Structures are given as C-alpha cells and as structure tokens.
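1. here's my sequence, what's the structure:
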Amino acid sequence: MIGIILVSHSKKITDGIKEMIDEMIGTSESVKIKSCGGTEDGRLGTNSLEILKCIEQFKEAEYILIFSDIGSAVLSAETALDLIEAETLKTKIQLVDAPLVEGAFAAAVRASINSSLNEILVEVANC
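-> Numbering: from 1, shown residues only. As a prediction, the model looks like this:
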C-alpha cells in the first residue's frame, strides 16, 4: 500500500482533493489518502504534529508520499520528518516536489494500479 498525505493551509483544500481522488480510485487497497490541512482548531495554517500523526498512521505502508501546496506547508512537512525517531519509517517517506492537486491525483491513480514507486514518480514529474 502507498500512503499519500495532502498538506495545505486549508482543510477544505485537502478534503476536496481527497474527495476527488477517492471518487476516481474507488476503494483501492493499494493507495490510501490522508487529508492534513489547516490547524487542529479549524483555522488556516499547518501543524507539524498533525502531519506526524498522519505519517504514523501510514507506518505499515510501503511508501509514503507527501504533497504540499506552498512554502510553510513544505516546512511543516519537513519539521514532521525531523520529529520521526524510527529510521525505518523515515526511509519510506518522500516529500514530492509537484503541484498539490495534479501531483497527488496522478500519484494516486498510478498507485491504484500497483505501480512501482519509480513509475509513480515519473508520472508525477509529468504534471
């Protein structure tokens, strides 16, 4: 299973992207999506600890791809990675430098057909 984490300052954005991807891939067991937007109290912003929780929920995944929208969302994702103690978990994670919507959508569709990580990243690079 491939885990995909969506990071944005807006939960509405990540929830909407997750909804769109879920509609496209259905109940695929080969890819799971986590929406990790906004702050815990519903405001705009990002929260490294919430991103870390999403990462830890995917600890059994083969790979974890994190897609972020803008600067400080990327910084929050990087901070979450710094907080991970288990080196084996860290090695599964890739911060993907791609557009949030198009990149995450392409990665999820490709992962839903059991593609390799390399094939997924090639697809995302074409976004």
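
2. so where's the chain shaky on pLDDT?
-> Under the criterion pLDDT under 70, no range of the chain is flagged.

3. quick one, helices of it?
-> Per DSSP state H, the chain has helices spanning 11-25, 48-57, 71-83, 87-90, 100-112, 117-125. These are given in chain order.

4. looking at these, which is buried most?
-> Mean neighbour counts were taken over the helices of the chain using mean count of other C-beta atoms under 10 Å, and the top value, a mean of 22, falls to helix 100-112. All C-beta atoms are positioned from the backbone trio N, CA, C, and that covers glycine.

5. just to revisit the earlier point, which of the helices of the chain sits closest to Gly42?
-> helix 11-25 (7.1 Å; C-beta to C-beta).

6. now distance to Gly3 too, for the helices of the chain, in JSON lines please.
-> Shown next, in JSON lines, are the helices of the chain (distance: least, C-beta to C-beta, whole Å):
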{"stretch": "helix 11-25", "distance to Gly3": "12"}
{"stretch": "helix 48-57", "distance to Gly3": "8"}
{"stretch": "helix 71-83", "distance to Gly3": "13"}
{"stretch": "helix 87-90", "distance to Gly3": "11"}
{"stretch": "helix 100-112", "distance to Gly3": "9"}
{"stretch": "helix 117-125", "distance to Gly3": "12"}
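
7. so which of these gets nearest Met1?
-> helix 100-112 (8.5 Å).

8. on contacts alone, who are the packing partners of that closest one?
-> Packed against helix 100-112, as judged by 3 or more C-beta pairs under 8 Å, 6 or more residues apart in numbering; DSSP states H and E, are the following elements: strand 2-8, helix 11-25, strand 31-37, strand 63-68, helix 117-125.

9. and the angle for it with strand 2-8?
-> Put simply, helix 100-112 runs at 170 degrees to strand 2-8, going by axes from the mean of the first three to the mean of the last three C-alpha atoms, to 10 degrees.

10. who touches the nearest residue to Leu52 once chain neighbours are set aside in this structure?
-> Nearest non-adjacent residue to Leu52, counting by C-beta to C-beta, 6 or more residues apart in numbering: Ala80, 4.3 Å away. With contact taken as C-beta atoms under 8 Å, 6 or more residues apart in numbering, Ala80 is in contact with Ser48, Leu49, Ile51, Leu52, Ile55.
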